[in-house]
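Asker: Build me a structure from this.
(chains A and B)
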Protein chains: 2
Amino acid sequence: MKIQKATNVASQEVMMEGSAGCRVRWLVDEKDGAPNFAMRQFDVAPGGHTPRHSHPYEHEIYVLEGAGEVIEGDQPRPLKAGDVVYVAPDDVHQFRNTGTTTMKFLCMVPHIPEGTPVKVLPECAG
Amino acid sequence: MKIQKATNVASQEVMMEGSAGCRVRWLVDEKDGAPNFAMRQFDVAPGGHTPRHSHPYEHEIYVLEGAGEVIEGDQPRPLKAGDVVYVAPDDVHQFRNTGTTTMKFLCMVPHIPEGTPVKVLPECAG
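Answerer: Down below sits the predicted model:
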């Protein structure tokens, strides 16, 4: 068993193409021995966003703090603390902070074999 | 993609042996098409607890609200909002609400083949 305060886990800037103002903490991952999936916390600054992309694996998301939207395909849908999102494999998705405070969410993801393709899409016009 | 407010998902009383004062919401699960793991929210009333047990699959936990403890083997370790717990396969564990408000936590779990054994242990003396 491993117990830790989430904010004590080091965060790192998300360097993926199409990401802006995002930091990530890997709260539970393969280094802990987790056999199937990882828990990550994303902190997105006001105006920031994750890449608009799709990939052949799912996400399960819980919004902890702040407000924003998730782009589903090319449609924005509002999000706030306490909302849950299931992103199915191959769903195009992007998380955007439209608020004035940091948007924080958990994003669980299965362990991904190296080389699994990610399809990056251009930003929406809106 | 599926978006919902966690509190709009129906909760049900946890009927497992050794559980008291616990309700669970299945926020994302196989019914949503999630291929690998489920996200559940547990709400534990003051004085309530999950079973003291072990099983051959892991949990990944994030405490949303309230305060309590997790029994690791037979040792209580304090927990509060913002704490993360990784329970490895076969770790004996029990979550207890030692506070005065509802303790709420997310508990992610891989999809479990029917018939997977769960070993229930007696309550700790303490």
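Asker: what is the rounded mean pLDDT of the lengthiest strand in chain A?
Answerer: Longest strand of chain A, by residue count under DSSP state E: strand A:37-49. Averaged across strand A:37-49, the pLDDT comes to 98.
Asker: Relative to chain B, how far out is residue A:55?
Answerer: 13 Å (Cβ to the nearest Cβ, to the nearest Å). C-betas here are computed from N, CA, C, even on glycine.
Asker: So for that residue, what's the nearest residue that isn't a sequence neighbour?
Answerer: Spatial nearest neighbour of residue A:55, excluding adjacent residues (Cβ to Cβ, 6 or more residues apart in numbering or on different chains): residue A:118 at 4.6 Å.
Asker: what does residue A:112 give?
Answerer: In space, residue A:112 is closest to residue A:57, 5.8 Å off (Cβ to Cβ, 6+ apart).
Asker: Taking the centroid of chain A, which residue is nearest it?
Answerer: For chain A, the residue sitting closest to the mean C-alpha position, by Cα atoms, centre = their mean, is residue A:107 at 5.0 Å.
Asker: Mind checking what secondary structure it has?
Answerer: Recorded secondary structure, residue A:107: strand (DSSP: H, G, I helix; E, B strand; the rest coil).
Asker: Surely it and residue A:57 touch.
Answerer: No. Residue A:107 is not in contact with residue A:57 according to Cβ atoms under 8 Å; the separation is 11.7 Å.
Asker: So what's the residue count around residue A:82?
Answerer: Around residue A:82 there are 16 other residues, counting by other Cβ atoms under 10 Å in any protein chain shown.
Asker: so how far is residue B:120 from the closest residue to it other than its chain neighbours?
Answerer: The spatial neighbour of residue A:82 that comes closest, neighbours along the chain excluded (Cβ to Cβ, 6+ apart), is residue B:6 at 5.3 Å. Residue B:6 is 28 Å from residue B:120, where distance means Cβ to Cβ, to the nearest Å.
Asker: dump the residue contacts of residue A:67.
Answerer: With contact taken as Cβ atoms under 8 Å, 6 or more residues apart in numbering or on different chains, residue A:67 is in contact with A:78-81, A:97-99, A:103.
Asker: how about the nearest residue to residue A:7 once chain neighbours are set aside, what does it touch?
Answerer: Of all residues not flanking residue A:7 in the chain, residue B:82 sits nearest, at 6.4 Å (Cβ to Cβ, 6+ apart). Residues near residue B:82 by Cβ under 8 Å, 6+ apart: A:5-7, B:63.
Asker: Confirm for me that residue A:88 is in contact with residue A:56.
Answerer: No. Look at residue A:88 against residue A:56 with Cβ under 8 Å: they stay out of range, at 10.2 Å.
Asker: Name the residue in those two with the higher neighbour count.
Answerer: Using other Cβ under 10 Å, the more surrounded residue of residue A:88 and residue A:56 is residue A:88, with 16 against 11.
Asker: mind checking pLDDT for that one?
Answerer: Predicted confidence (pLDDT) for residue A:88: 98.
Asker: where's it relative to chain B, distance?
Answerer: From residue A:88 to chain B the distance is 6 Å (Cβ to the nearest Cβ).
Asker: still on that earlier bit, mind listing what's buried in the longest strand of chain A?
Answerer: For strand A:37-49, the neighbour count (16 or more other Cβ atoms under 10 Å in any protein chain shown) marks A:37-44, A:48-49 as buried.
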